[in-house]
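Got a predicted structure plus its sequence, pasted below:
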Amino acid sequence: MFTVAVSMMLLFAAWAFRNYWWRMIKTKRYGMETEASVSRVENRIVAGYGGGIYGRSFPVFDCYVSFRTEDGRQVEFRLLNPKKYLEPGSPIRIKYLSRTLDYAVMTEMIKKESPAR
């Protein structure tokens, strides 16, 4: 029974690494950098385990950015590493892979210039 539990944990860890961390590593290393703006932010609750009164639920924070690709198309991608302080319209710098075209990685926040007085 212990070996089954350990193997299930290892399978889950491998799945999480491949679907999240490997995407981020590959995009940060080989991605194209561009400026984007946050187009929408979604806060939702995902049902967890259990039911009834003692059930658990988990908040999920999804953030989408819109920008122009190198060939001039306007696209909207989901950020893999959203920050809680992002709001619609926030300018950020991202990296994306042109062959996947479904997610982006935020590299830095672009500071808005204050108007001169």
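Perfect, thanks for sending it. Because the structure is a prediction, the values reported are computed rather than measured. Residues are numbered from 1 along each chain as shown.

May I see the buried residues of the lowest-mean-pLDDT helix or strand in the chain?
Of all helical and strand segments in the chain, the minimum by mean pLDDT, DSSP states H and E falls on strand 57-68, at a mean of 82. Neighbour-count burial for strand 57-68, counted by 16 or more other CB atoms under 10 Å, picks out 63-65, 67. For every residue, glycine as well, the C-beta is placed using N, CA and C.

Can you spell out which helices and strands pack onto the lengthiest helix in the chain?
When the chain is parsed with DSSP state H, its longest helix is helix 2-16. Using 3 or more CB pairs under 8 Å, 6 or more residues apart in numbering; DSSP states H and E as the contact test, no helix or strand touches helix 2-16.

How far off centre is that helix?
Its chain's C-alpha centre lies 24 Å from the corresponding centre of helix 2-16 when counted by CA atoms, centre = their mean, to the nearest Å.
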